[in-house]
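>>> Sharing a model prediction with you, sequence too.
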Amino acid sequence: MDWTWYLFRFDGRINRALLWQALLIVALLAGLLGIIGQVIGIVEGASSTLKFKLGFDFDFGLDDLFKVVDPRAYRLLPSADRPTLILKVLGTSLFLWIYLATAIKRLHDRDRSGWWIIPFFFVPNLLFHFRGVLLWGFLPEADWFVAFDLAIHALWLWGLIELFIAPGTSGSNRFGPDPLAEIEESPASASSPAKSWDQQSEIEFVPPSAGPPGGMHVKRGT
């Protein structure tokens with residue numbers, strides 16, 4: 001597998017299994033960054049123990065991404081731990097790129113444009129993040145907010161099904177060949193077929209009128 005194409009490029013198609021695999025890769029990387037942050041904390045005397053945390057998030061742990069557009073988050077910057085903040089920025093940037101590269105290729109597998117990532121990911125998560133502001137500011141009526149909240153969850157759930165559960169289009173589509181067909185064809189192309197015995201080329205029939213007695217004789221030199 002071309003890992004650079006798989007994790008960092010946006011062309012082509014991948015199947016569901018590869019998107020689940022990318023989710024596992026991001027979870028492991030997030031756990032590794034957590035260990036690095038704890039080691040830095042031990043060196044600085046802020047903590048004394050190490051604990052590896054492995055968490056699975058269908059949004060690839062990108063909750064901190066939406067704090068960038070939240071003015072309330074900037075008030076906490078002066079008190080934030082700088083090494084932890086740097087690790088979060090680096091990790092979020094890496095995870096966002098991996099998520100977009102793999103999710104867009106998965107949308108291609110569903111024969112959908114990569115722009116569907118906006119209603120499936122960005123819109124629901126933005127609204128989830130600002131639901132408190134919307135509740136108390138723009139949607140003061142509780143009945144309206146319940147319907148609005150259900151619509152957001154329905155949109156997020158639709159995206160989840162499209163990306164992680166629904167099968168891709170069978171055969172080639174406008175974004176490339178079927179990734180499952182490529183997997184099925186690769187073992188067959190790797191192994192060469194066994195040479196079959198050509199009976200006609202190995203055996204000749206001699207008529208009774210010839211010198212030797214009639215019957216079947218194996219050709220010389222075979």
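On my side now, so go ahead.
>>> Could you check stretch 163-174 and say which residues are buried?
Across stretch 163-174, burial judged by 16 or more other C-beta atoms under 10 Å covers 163, 168-169, 173. Every C-beta, even on glycine, is put in place using the N, C-alpha and C of the backbone.
>>> could I get the residues you listed as TSV with secondary structure, distance to residue 43 and pLDDT?
Converted to TSV, these look like this (DSSP: H, G, I helix; E, B strand; the rest coil; distance: C-beta to C-beta, whole Å; pLDDT from 0 to 100):
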residue	secondary structure	distance to residue 43	pLDDT
163	helix	39	96
168	coil	47	94
169	coil	51	93
173	strand	52	94
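>>> Please produce a markdown table containing these, extended by distance to residue 83.
Listed next are the buried residues of stretch 163-174 as a markdown table, based on distance: C-beta to C-beta, whole Å:
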| residue | distance to residue 83 |
| --- | --- |
| 163 | 33 |
| 168 | 41 |
| 169 | 45 |
| 173 | 45 |
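>>> Mind picking the one among these that's closest to residue 23?
residue 163 (9.9 Å; C-beta to C-beta).
>>> can you give me the helices for the protein?
Under the criterion DSSP state H, the chain contains helices at 3-8, 16-44, 71-74, 82-109, 117, 123-129, 131-133, 142-160, 179-190, 199-202.
>>> can I get the ones you listed in CSV with distance to residue 61 and mean neighbour count?
Shown next, in CSV, are those (distance: least, C-beta to C-beta, whole Å; neighbours: other C-beta atoms under 10 Å):
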stretch, distance to residue 61, mean neighbour count
helix 3-8, 15, 14
helix 16-44, 5, 16
helix 71-74, 16, 10
helix 82-109, 6, 19
helix 117, 16, 19
helix 123-129, 12, 17
helix 131-133, 19, 12
helix 142-160, 15, 14
helix 179-190, 25, 11
helix 199-202, 64, 8
